[in-house]
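Turn this into a model:
(5 chains)
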Amino acid sequence: MILYDNRRFLGYSQYFHVFGSAIFTFRSAPQSVVGAAVGYYATQNADELTDYIVNPTAYFSAISLVLGFLLVFRTQLAYMRYWEGRTSFQTLMSKLEDVGIHTKTFVRLNDSEAIKWKNAMGHMLINYLALAMAELRGERDLDEVVTKYNLSLTPDQREELEAFSYRAYIAMSWIMDAWVKRATAGGVTVPPPVQSRTYQNLSEAQLAFNAAQKIQSTPFPYPFVQVCGMLLNVYMFSAPLVIGAYINHFIFGTLLSCFSVLGFFALNRTADELEDPFGHDPNDLPLDHYLCSFQESMVSLGIIQYSELQVADDE
Amino acid sequence: MILYDNRRFLGYSQYFHVFGSAIFTFRSAPQSVVGAAVGYYATQNADELTDYIVNPTAYFSAISLVLGFLLVFRTQLAYMRYWEGRTSFQTLMSKLEDVGIHTKTFVRLNDSEAIKWKNAMGHMLINYLALAMAELRGERDLDEVVTKYNLSLTPDQREELEAFSYRAYIAMSWIMDAWVKRATAGGVTVPPPVQSRTYQNLSEAQLAFNAAQKIQSTPFPYPFVQVCGMLLNVYMFSAPLVIGAYINHFIFGTLLSCFSVLGFFALNRTADELEDPFGHDPNDLPLDHYLCSFQESMVSLGIIQYSELQVADDE
Amino acid sequence: MILYDNRRFLGYSQYFHVFGSAIFTFRSAPQSVVGAAVGYYATQNADELTDYIVNPTAYFSAISLVLGFLLVFRTQLAYMRYWEGRTSFQTLMSKLEDVGIHTKTFVRLNDSEAIKWKNAMGHMLINYLALAMAELRGERDLDEVVTKYNLSLTPDQREELEAFSYRAYIAMSWIMDAWVKRATAGGVTVPPPVQSRTYQNLSEAQLAFNAAQKIQSTPFPYPFVQVCGMLLNVYMFSAPLVIGAYINHFIFGTLLSCFSVLGFFALNRTADELEDPFGHDPNDLPLDHYLCSFQESMVSLGIIQYSELQVADDE
Amino acid sequence: MILYDNRRFLGYSQYFHVFGSAIFTFRSAPQSVVGAAVGYYATQNADELTDYIVNPTAYFSAISLVLGFLLVFRTQLAYMRYWEGRTSFQTLMSKLEDVGIHTKTFVRLNDSEAIKWKNAMGHMLINYLALAMAELRGERDLDEVVTKYNLSLTPDQREELEAFSYRAYIAMSWIMDAWVKRATAGGVTVPPPVQSRTYQNLSEAQLAFNAAQKIQSTPFPYPFVQVCGMLLNVYMFSAPLVIGAYINHFIFGTLLSCFSVLGFFALNRTADELEDPFGHDPNDLPLDHYLCSFQESMVSLGIIQYSELQVADDE
Amino acid sequence: MILYDNRRFLGYSQYFHVFGSAIFTFRSAPQSVVGAAVGYYATQNADELTDYIVNPTAYFSAISLVLGFLLVFRTQLAYMRYWEGRTSFQTLMSKLEDVGIHTKTFVRLNDSEAIKWKNAMGHMLINYLALAMAELRGERDLDEVVTKYNLSLTPDQREELEAFSYRAYIAMSWIMDAWVKRATAGGVTVPPPVQSRTYQNLSEAQLAFNAAQKIQSTPFPYPFVQVCGMLLNVYMFSAPLVIGAYINHFIFGTLLSCFSVLGFFALNRTADELEDPFGHDPNDLPLDHYLCSFQESMVSLGIIQYSELQVADDE
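The predicted structure is shown next:
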């Protein structure tokens, strides 16, 4: 995710980032150069072209109007996917943080055994979040995941994660199991109706994770993407012909052709970037940063210690 | 559902799938050929046509503007139906998976009777999901459904399913019945307030299934579809006349006519495909794959064994 | 609700239904004839008209652009009302079906008294749904309602329904009363926290009914409808003048005038039809069919018998 | 709220209401007259104007396109506010009605004390709804509110309401207090998990009231309104110049100028009307009618008597 | 937030606020002056320009159509962010107010210890809301926050807040801790199922705060902003050339150029303003006012005294 400063130089400083741009990218810039070249050609052959292209309205009504709407609408849907992903992840974290508070307040005993249990629960919650993140990012190699997110796993847990592919789900079953075991043993001091809140939070955390997974595993429908792609490429070759023929100044016509093609392709690229907000692209959500936040919140409850954490927040 | 690679050849490789395309299909391609033919005719008779069609703006403002909006908006609504279907199915699975965890953790005894009960519950959950899928896909023949999804049913259950048409509903009543019976017999070790979470999850699973069913049983309203169809077919015959008359180069005019008609029909086809996301069409949701995932999650909880499953994930 | 076949003849068979059409109706067809007539007049007087109407862009930008957006947007909102109505009714049924399962599984005794209570509860749920339907359709005559939906009421219940106009609400209070009475008498075998799910479902059913009622009792805001109507009728008389003047072929100009006016009016009619999805119009929701489904689901639970039902599903 | 008949005279009867119209109002009609006057002037000076205004496309693309979208979109947002307000109020009532049923069924004793308590609870619920309505309408004078909505308050309650400005909130605390007191004293016959539904309903009623209040207290953002206003007034003076110059028939040009300006202003007025659905404007929600409905529903439960009510439903 | 009077002078008085305007600002006004200057230049060189810019349609279709949609759509998304922020904050307050009522009614004892506990809880709720506000506004200096919002903290609490950065979260853990401690000690007089409502409300308050935080911490995606910025600045220099060339009256052409550029930039500025509704900008939500309301509601419950408050409501 790119944080931009919209205050300096009356806001103009924000327009010149290259990192994460939809303009300065191989998906838009080459096409705009093609557009500019065709546009330049058209300005030089305007007389001939206007014999054929008698009225530019016919062209724009037939092709670019519908393409324009399609792209704006695709971008809108892409933004909604992005926002739904953001919201799901936020809900996931909020629910887990709530379980963190329960861990601190529902288990009142402070003998060494209770402290150990709370610490283990803190790690289980962090593990769950990290495994959920790894699934959303498509990271399947368990060794890498353990190293990268610095998971603290018992050998049994490690073995179980290796055997199955739904790792976050398994981690969730551990958490629920730990609560049921402790409650059955009498180690939870609040009455059962209040205990049941914990299970509700866990269920809602899992639902939120599944909602995020849904976005990651369901791409934007193919026919839609194909129609956009077809019209975009038709536009790239034909629109500059019309623009150059009717705005036949060699600089002005070429520039407008370039910006027109660039605008459409950059919009398409923007949609592409936003459709899947999980991953390591510049415009993806800063999941590592969220994980660090979550770890710090566990530390602030006093159930785990700073010294137990090693993941650096480098985003 | 089609997974496409949007990285190879700067993303251009994604545009040439035929399977599941809205372009290379009998619902769009023939019409684009008609459009091209009319367009070619118009380029050859441009002089005569421009006597009649004095200004192309009148044509495009009167017909194609509203058609364009209608189609873009129909596609947007279709996408929302698709997404709602996806979300409902995800919620259904998430809630059932939660009940799976409850099966493992709320029933702590591990005598052979408890293990058997858990195994039966695992199969009941899988049966429910499979029967729900069959209803969403309109598969009514019970023998086929049992074979296809490899359901393990007792003779009594089989008989009951044969007698009534709301099969998923009946399967849900079995699940709830089994939980109530076990809890009454003292076989659930968590206190009642925590037990009640299981019933809430089941209720929410049923609600999510009903929401998915709603989409499948309620087609996009007929008058809307008819108005789109009428305008589309008027467009196919008339727009190329205007395009060809005013862009009267025999190649350029013909191509633009073709792409303009193709774009509109492909958009309509896209909406058609997305409106009902359940079924066996190329762009429908991969329900078989989801069922396999669910079965694997039951296996990873240890309540059923891999050897009990036979459905192959061939999507 | 009209189920159409979008597969036969490459999908073309779906466009020729008259029943429920927004095209072949007295709200759109006469206006399209007026449009055609004005358009024909314009083609015959094109020379004179083009002296006055110097540029068609001025006309279309000033009137039809905003009308087009308004209508597309009104249709979108109408569809959302339709869909919200559909969703509310689905939720209502889903929640009542859940209470049906509770009736079967939460009351485990199978002495004749329990069987009778369950049967009575089944009828109360059906009565509630039928009374809700009658309110949504504006059917106020109790005798007719009782006959039409074949309600089985005790004389006391009948009397109470006659005294007050919020019939579904009264029926809901009976259902809750019956559950409280039975639970207090010890006839519900699940513990109170699980019992409370039943009350939650009933509360959510009532909320869903109220949401459906909201749509039925709150028409689309009047000023909006009036502005659409004003611009539509201005369009009907003026647009064909411009179309005919600039597309002055007597067949082509007349046809385009006709379709242009028809398209706008049909869109308006579509919105009109979808705004209130409850009632007996061709495009309204098949409530009778839903009621039958619900009755069958009660039968499949074994709490009421087929022989007790008489309502035919004729939709 | 205006109920219109969309069936008489093929629906044409609905277009001529003056009450609540966005057309026959001082916010739209005078501007349309200005527009018509400018348009008439333009038709008389068309030759001179067309020397300056060489192409109307430049004008309409630069100004009216974006204004049109802005207004359609503003109206859409206004409708969403209207609908959210309607939904919130419906939820508020639905939840209170549910508490009404609880009052009847959860308190089973029918000694005179219980009857009195139920009656008092009925009045408290009505008071809460009336005070919520008064807050939504900005009615701050307590004497007027008491008289208008015929509240039955004890002197203590009256005093408390006078001291603080969050009256509905105080009324809610009375309701919850009354339930807690009665339950503590053993006067509620359902077990605590079922009792807790009542508190949930009350909490949801308060949330729904707050959501309605949010709409009333948060106007549509100012910069948006200002941009619309600026462009609308620029349009009023400039668009008719262009329309009249290019549609230079003195009747046709004047009428189109008039309707074009009227359409835009009426749309703006519609948005204005819908943005805050609470109040006494013709298009506002019929809150008084809803209050009467609620009172009748309390009567139908038998917890209060008709004779205790005096508010007439005059909407 | 700016409250404007839309009644005086037929609503015209509302258009002339400078404070919070998107028109009278350094982000829109200078650009409109540039636009006017270019437009004036174009009117003076119209003959030469029309040799190059043969048809204005080509220009507007290629650039301004898509820019217009983009901006309208960006503004729509910005409004949705604004409204989601408003809704989240309202939910946060509503849930905390509910806990306030619980504080009053669930703890019935009125000995001095109970009164003290209630008072402390009231302050804890206020502290939570104030700390949540400070986080939403990015106020990180604890001393300033304590002074500004007049927090009453114990030294221990103060120390804990200084050690960690998730202050609202820590404050939430205090609140839950206080409830658990009191309930365990027998100081809450309602049964556990009713007590559990309090925890649910607190969990929902935290979720609502997190939803608000999500908006504040996730800016509108960068590529989108960059594409808008690029096209806007291209528009500023090129559109007035076309407008001035084809509306070549030196006043009319200059004014239209000015308003056209102003309209687009003001729209962009509006979106900018609404995207993050938390902060101290003129159009941001009046958080201070909401805090005062909340404090008053705590006073009206009688759990804290007016004399304990010092924050002035100066918005």
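
Checking residue A:281 next. Helix, strand or coil?
The three-state assignment at residue A:281 reads coil, by DSSP: H, G, I helix; E, B strand; the rest coil.

All the strands of chain A, residue numbers only.
For chain A, strands defined by DSSP state E do not occur.

Near chain D, which residues of it are found?
Residues of chain A lying near chain D by Cβ under 8 Å from any Cβ of the partner chain: residue A:193. The way it works is simple: take the backbone N, C-alpha and C, and place the C-beta from them, glycine included.

In chain A, what residue lies closest to chain D?
Residue of chain A nearest chain D, by Cβ to the nearest Cβ: residue A:193 (6.8 Å).

Contact partners for that residue?
B:193, C:193, D:192, D:193, D:196, E:192, E:193, E:195, E:196 (Cβ atoms under 8 Å, 6 or more residues apart in numbering or on different chains).

Let's see that with 7 Å instead.
Neighbour list for residue A:193: B:193, C:193, D:193, E:192, E:193, E:196 [criterion: Cβ atoms under 7 Å, 6 or more residues apart in numbering or on different chains].

Same check on residue A:19?
Residue A:19 neighbours (Cβ under 7 Å, 6+ apart): A:2, A:282.

Relative to the whole chain's centre, how far out is stretch A:116-126?
Offset of stretch A:116-126 from its chain centre (Cα atoms, centre = their mean, to the nearest Å): 28 Å.

I figured residue A:46 hits residue A:242, correct?
No. Between residue A:46 and residue A:242 there is no contact under Cβ atoms under 7 Å: 10.5 Å.

So those two - more neighbours on which side?
Higher neighbour count among residue A:46 and residue A:242: residue A:242, with 31 against 22, using other Cβ atoms under 10 Å in any protein chain shown.

residues in contact with the residue in the stretch 201-315 of chain A positioned nearest to chain B?
As assessed by Cβ to the nearest Cβ, chain B sits closest to residue A:223 within the stretch 201-315 of chain A, at 3.5 Å. For residue A:223, the contact set (Cβ under 7 Å, 6+ apart) comprises B:20, B:21, B:22, B:269, B:270, B:273, B:283.

cutoff 10 Å now
By Cβ atoms under 10 Å, 6 or more residues apart in numbering or on different chains, the residues touching residue A:223 are B:2, B:17, B:20-23, B:25, B:28, B:75, B:266-267, B:269-274, B:282-283.

Of those residues, which qualify as buried by neighbour count?
By neighbour count, with 16 or more other Cβ atoms under 10 Å in any protein chain shown, the contacts of residue A:223 hold B:2, B:17, B:20-23, B:25, B:28, B:75, B:266-267, B:269-274, B:283 as buried.

show me which of these neighbour chain A.
B:2, B:17, B:20-23, B:25, B:28, B:75, B:266-267, B:269-274, B:283 (Cβ under 10 Å from any Cβ of the partner chain).

so where's chain A uncertain?
Where chain A drops to pLDDT under 70, the residues are A:5-11, A:13, A:15, A:310-315.

Now do the phi/psi pair for the residue most central in space within it.
Nearest residue to the geometric centre of chain A (Cα atoms, centre = their mean): residue A:277, 1.3 Å. Note on residue A:277: its backbone torsions stand at phi -80, psi 0 [degrees, to the nearest 10].

The closest residue to it other than its chain neighbours: neighbour count?
Leaving aside its chain neighbours, residue A:277 sits nearest to residue A:85 (4.0 Å; criterion: Cβ to Cβ, 6 or more residues apart in numbering or on different chains). Residue A:85 has 24 neighbours, counted by other Cβ under 10 Å.

Next, the contact list for residue A:85, please.
Residue A:85 touches A:136, A:211-216, A:274-278, A:284-285, counting by Cβ under 10 Å, 6+ apart.

one more time with 6 Å
A:212, A:215, A:277 (Cβ atoms under 6 Å, 6 or more residues apart in numbering or on different chains).

same thing with residue A:297?
A:97, E:166, E:169.

Just the buried ones from those residues, in ChimeraX syntax?
In ChimeraX, this line selects whichever of these come out buried by 16+ other Cβ under 10 Å:
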select /A:97 /E:166,169
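
nearest to chain C, of the contacts of residue A:297?
Set against chain C, the nearest of those by Cβ to the nearest Cβ is residue A:97 (25.8 Å).

what's the spacing between that closest one and chain E?
6 Å (Cβ to the nearest Cβ, to the nearest Å).

Quickly note the distance from the closest residue to that residue other than its chain neighbours to residue A:99.
Counting by Cβ to Cβ, 6+ apart, residue A:297 is the residue found nearest to residue A:97 once chain neighbours are left out, at 5.5 Å. Residue A:297 sits at a distance of 11 Å from residue A:99 (criterion: Cβ to Cβ, to the nearest Å).

ok, now residue A:209?
Residue A:209 is 13 Å from residue A:99, by Cβ to Cβ.

Looking at these two, which has the bigger crowd around it?
Using other Cβ under 10 Å as the criterion, residue A:209 and residue A:99 rank with residue A:209 on top: 27 against 24.

For that one, give me its contacts.
Neighbouring residues of residue A:209 by Cβ under 6 Å, 6+ apart: A:92, A:132.

Helices along the stretch 1-150 of chain A, start to end?
A:29-44, A:46-52, A:56-59, A:65-106, A:112-136, A:142-149 (DSSP state H, counting those that start in this stretch).

any chance of those in CSV, with distance to residue C:119 too?
Listed next are those as CSV, based on distance: least, Cβ to Cβ, whole Å:
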stretch, distance to residue C:119
helix A:29-44, 71
helix A:46-52, 80
helix A:56-59, 71
helix A:65-106, 42
helix A:112-136, 47
helix A:142-149, 56
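
which one of those has the most crowded surroundings?
When neighbours are counted by mean count of other Cβ atoms under 10 Å in any protein chain shown, the highest per-stretch mean among those falls to helix A:56-59, a mean of 27.
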